[in-house]
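Visitor: 3D, please:
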Amino acid sequence: MTALARVSGGALILASAWVVSAVGGLNGAVYVLLFALATVPGLPLGFALFGRHHAAGWIAGTLLGYALAALTCWTIVFLGVASLPAFILGGGALCAATWLGITRLRGRSAQPLIELPAWSREGTAALLLVLLLVPALVGPPFSKIGAIDAEGNRLYRAYFTADFVWHAALVAEMTKHTQPPRNPYLASEPVHYYWTYFLVPATIASLTNWNVEQALELNAFCAALLFISAIYLAAWAAVPAHPFAVALAVVLTTVAASAEGLAAIVDLIRRGQSLAVLRELNIDAISSWAFKGLRIDNLPRAMWYTPQHAMACALGLIAVPVAIWAGVRARAGAIALAGAALAASVTFNPLLGAAFSAIYGIAILIDATRQGAGRRGIGRHAIAAALVLAAVGWCFLNQMTDGAGRALHIGFVNPARNAPVVTFLLSFGPILLPAVIGLWPNSASFVSRARPAIVGVALSILLMFFVTLTVDVFWVGFRAGNLFSVFVPALVARGFVALGSPRWKPFAIGLALLTLALGLPTTIIDAYNTQDVGNRLMSVGGFHWTIALTPAQQEGLAWIRTQTAADAIVQAEPVIRERETWTLIPSFAERRMAAGLPISLMHVPAYDEKSEQVRLIYSSTDADAAWLAAKQLRIDYLYVDATERAAYPAVSKFDAHPEYFTPAFRNSEVSVYAVK
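Guide: Reported below is the predicted structural model:
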């Protein structure tokens, strides 16, 4: 190992230790160990695919291990035998099946199924340098989630933590081991969401009684390390002889892809306004605010608050080296493992998994055309297709995608058609020039090595502008942006390699610095705002930038969490809470509601209909009618704090009619009533 690799590795260990300690203390270290143990069953698969002496084998093996661990957790819950012994036995059986099974199938062969170029010390150093981005980016915001101020309030950054608090509600629901998980905002229904990623943190949290928020943060940190590793690996597979060019490409794509921050700074200066206004901007959505166009999230946001999408991308990227270095002539074992990775990606996010599967299939067909492979050669890849179809069936079995198909719309419609060129340039402009240079066919290997990246970038643009989810017009743009961001580093790296001659080297250095200058402001502003729980101002969207849970609220929520049955339905009034405390009960009391208005789930009419019924329970002066409505919705407890009292003076009826509503908990602010 080179001196640079040793220094980078030491710095990564220290930085990671700080993040783990800041989030979970000693429990954090134990969680990371449990996370690592959960991924062990996948290592023989990664070693069989790429070799145990290659970084690709470890990256692929760890990712496949996580997917297998999630599937094992699901199987145990599905069979209705969830318990500590069952999970231990399940994990042990999985380990035995993969380690002994792969050894038996492959015999004494140490030859990997895919012969990648040799991994170098420079590759290790470059990868470790890139991974330093993870603790640098996720450490500060994660350490501030739920921070406590001088008055004892717990603080949560609004909007940026909207995904996180919803994930806390989902994981809390999944710790109950109900199959399928119930919708915490519509208790009468299963949750129609791809929750596979959350099986691992939910299982660890349920078996250890650890804080759900800590489990989510620590899991997301580990997932982010795998995510960035997979992006590096996919780009390295296209440019294996230039690991530091790959590292530069991944770094630039991660921290300098968007020019929205610079555009906001220039606009404020032009209008003579203070740069302090930047604290009040959703900076990575300027293209939408200014031009009503698509909103494209950057890679740090995938690490901060949407790790399920990041993990789906990471799993899909395992198939990229297979497509590049084996292509249509890959052996059946390699095809099966690539298919398993794509299938796992589908279970983590059906749209992204389907996109990665399509990219793999198109890349294989292109290779078959180049090599003149017959139907038999192409037909062997039906192994991968069969596994992907099985994963789609599994998603249907678990009711993950109910209603999503009806909401998909194909066509060039708003917001995609609003200033598409300008919004695309704002979202990706800084890295486009090196990426375009990387498209130049400067070697005989161009088509074979660059085809997955080219197909991935092209497909992501098509999805971005021609596919819409009618219930959330920005959602496909977010996911297509993820797809673009994980494939474009290969082209960016090729661009810098093309500029690597002495004649062009000054231009390459200048281009890298220019890219940083154009794109880094967005990440700096976004990273600062994400952890800024000191901002108590009201946003233009009508919600406070920081949400505070008072000590009295915390006491009441803790009482609900510890003193009510795990399957109890505890209801707060959802309509008045809107975007601020819409997930108060499911996320912090860890209980289901009969009705809610979740901003992070596909909107269906039932949310509005039942929320209106709940609103009438709080607003009506008729205690009889309120009690009857609560019973019809199967509500066990009603929650009241200052929010309900200010909006609905009629909540006084809960105290006036103990024959219907029994006070179960009360402090200076919060009252909880048991519905008789």
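Visitor: all the strands of the stretch 301-450 of the chain, residue numbers only.
Guide: Under the criterion DSSP state E, counting those that start in this stretch, the stretch 301-450 of the chain contains strands at 408-410.
Visitor: which parts of it are helices?
Guide: 307-317, 319-325, 332-348, 350-371, 375-379, 382-397, 404-407, 420-438, 446-466 (DSSP state H, counting those that start in this stretch).
Visitor: confidence score at the residue lying closest to G481 once chain neighbours are set aside?
Guide: The shortest distance from G481 to any residue other than its chain neighbours is 3.6 Å, reached at I296 (CB to CB, 6 or more residues apart in numbering). For the C-beta atoms, the positions are set from N, CA and C on the backbone; glycine is no exception. On pLDDT, I296 comes in at 89.
Visitor: compare the helices of the stretch 301-450 of the chain and say which comes out lowest on pLDDT.
Guide: The bottom spot among the helices of the stretch 301-450 of the chain, by mean pLDDT, belongs to helix 404-407, with a mean of 69.
Visitor: what segments of the stretch 51-200 of the chain are strands?
Guide: Counting by DSSP E, counting those that start in this stretch, the stretch 51-200 of the chain has strands at residues 147-148, 154-157, 182-183, 186-190.
Visitor: for A276, which of those is the nearest?
Guide: Of all the strands of the stretch 51-200 of the chain, strand 154-157 sits nearest to A276, with 17.0 Å by CB to CB.
Visitor: looking at the strands of the stretch 51-200 of the chain, which is closest to L207?
Guide: With CB to CB as the criterion, L207 lies closest to strand 182-183 of the strands of the stretch 51-200 of the chain, at 20.2 Å.
Visitor: domains in the chain, by residue range?
Guide: Listed by automatic domain parsing, the domain ranges of the chain are 3-272+302-531, 559-675.
Visitor: how about the secondary structure of L268?
Guide: Using DSSP: H, G, I helix; E, B strand; the rest coil, the structure places L268 in helix.
Visitor: for the longest helix seen in the chain, packing partners?
Guide: Longest helix in the chain, counting residues (DSSP state H): helix 3-39. Applying 3 or more CB pairs under 8 Å, 6 or more residues apart in numbering; DSSP states H and E, we find helix 3-39 packed against helix 55-78, helix 121-131, helix 133-144, helix 199-208, helix 212-238.
Visitor: picking that back up, make TSV from the strands of the stretch 51-200 of the chain and add mean neighbour count and mean pLDDT to it.
Guide: Shown next, in TSV, are the strands of the stretch 51-200 of the chain (neighbours: other CB atoms under 10 Å; pLDDT from 0 to 100):
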stretch	mean neighbour count	mean pLDDT
strand 147-148	14	94
strand 154-157	22	93
strand 182-183	22	96
strand 186-190	18	95
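Visitor: in TSV, list these along with distance to S21.
Guide: Converted to TSV, these look like this (distance: least, CB to CB, whole Å):
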stretch	distance to S21
strand 147-148	15
strand 154-157	20
strand 182-183	35
strand 186-190	37
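Visitor: so which of the ones you listed is nearest M538?
Guide: Nearest to M538, of all these, is strand 154-157, at 14.1 Å by CB to CB.
Visitor: C-alpha coordinates for that closest one, PDB please?
Guide: Taking Å, rounded to 0.1, in the frame of the first residue of the first chain, the C-alpha atoms of strand 154-157 are listed here in PDB:
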ATOM      1  CA  ARG A 154     -35.200  18.700  20.100                       C
ATOM      2  CA  LEU A 155     -34.500  20.300  16.700                       C
ATOM      3  CA  TYR A 156     -35.100  19.000  13.200                       C
ATOM      4  CA  ARG A 157     -34.300  20.800  10.000                       C
END
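Visitor: direction included, what does it pair against?
Guide: Strand pairing for strand 154-157, determined by DSSP bridges: strand 147-148 (antiparallel), strand 546-549 (antiparallel).
Visitor: and that strand, how far from the chain's centre?
Guide: Chain-centre distance of strand 154-157: 20 Å, with CA atoms, centre = their mean, to the nearest Å.
Visitor: also stretch 376-385?
Guide: Distance, centroid of stretch 376-385 to centroid of chain: 30 Å (CA atoms, centre = their mean).
Visitor: residues contacting it, please?
Guide: With CB atoms under 8 Å, 6 or more residues apart in numbering as the test, stretch 376-385 has contacts from 319, 328-330, 332, 335-336, 338-339, 342, 357, 360-361, 364-365, 368.
Visitor: mind redoing it with 6 Å?
Guide: For stretch 376-385, the surrounding residues in contact (CB atoms under 6 Å, 6 or more residues apart in numbering) are V328, I335, A336, A338, G339, I364, A368.
Visitor: how about the second one: what's its closest non-neighbour residue?
Guide: For I335, the nearest residue in space outside its immediate sequence neighbours is I383; the separation is 4.8 Å by CB to CB, 6+ apart.
Visitor: still on that earlier bit, out of the strands paired with strand 154-157, which comes closest to T347?
Guide: When these are compared by CB to CB, strand 546-549 sits nearest T347, at 32.1 Å.
Visitor: could you look over the helices and strands packed on helix 3-39 and pick the most buried one?
Guide: helix 212-238 (a mean of 26; mean count of other CB atoms under 10 Å).
Visitor: about what we covered before: contacts only, for the residue nearest to G481.
Guide: Per CB under 6 Å, 6+ apart, neighbours of I296: S427, G477, G481.
Visitor: return the member of those nearest to G353.
Guide: Nearest to G353 among these is G481, at 16.4 Å by CB to CB.
Visitor: number of residues surrounding that closest one?
Guide: G481: 27 surrounding residues under other CB atoms under 10 Å.
Visitor: now do the buried residues in the helix or strand hosting it.
Guide: Using DSSP states H and E, G481 sits within helix 475-498. Across helix 475-498, burial judged by 16 or more other CB atoms under 10 Å covers 475-498.
Visitor: cool, stretch 614-628 as well?
Guide: V614, R615, I617, Y618, S619, A623, A626, W627.
Visitor: okay, that stretch in CSV with CA atoms only?
Guide: Output of stretch 614-628 as CSV, limited to C-alpha atoms (Å, rounded to 0.1, in the frame of the first residue of the first chain):
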residue,chain,number,x,y,z
VAL,A,614,-60.5,13.2,12.0
ARG,A,615,-60.7,17.0,11.6
LEU,A,616,-64.4,16.7,12.5
ILE,A,617,-63.6,14.7,15.6
TYR,A,618,-61.5,17.7,16.9
SER,A,619,-63.6,20.5,15.5
SER,A,620,-67.1,19.2,16.5
THR,A,621,-68.7,20.3,19.7
ASP,A,622,-70.8,17.1,19.6
ALA,A,623,-69.0,14.6,21.9
ASP,A,624,-71.3,11.7,20.9
ALA,A,625,-70.5,12.2,17.2
ALA,A,626,-66.8,12.6,17.9
TRP,A,627,-66.7,9.4,19.9
LEU,A,628,-68.6,7.5,17.2
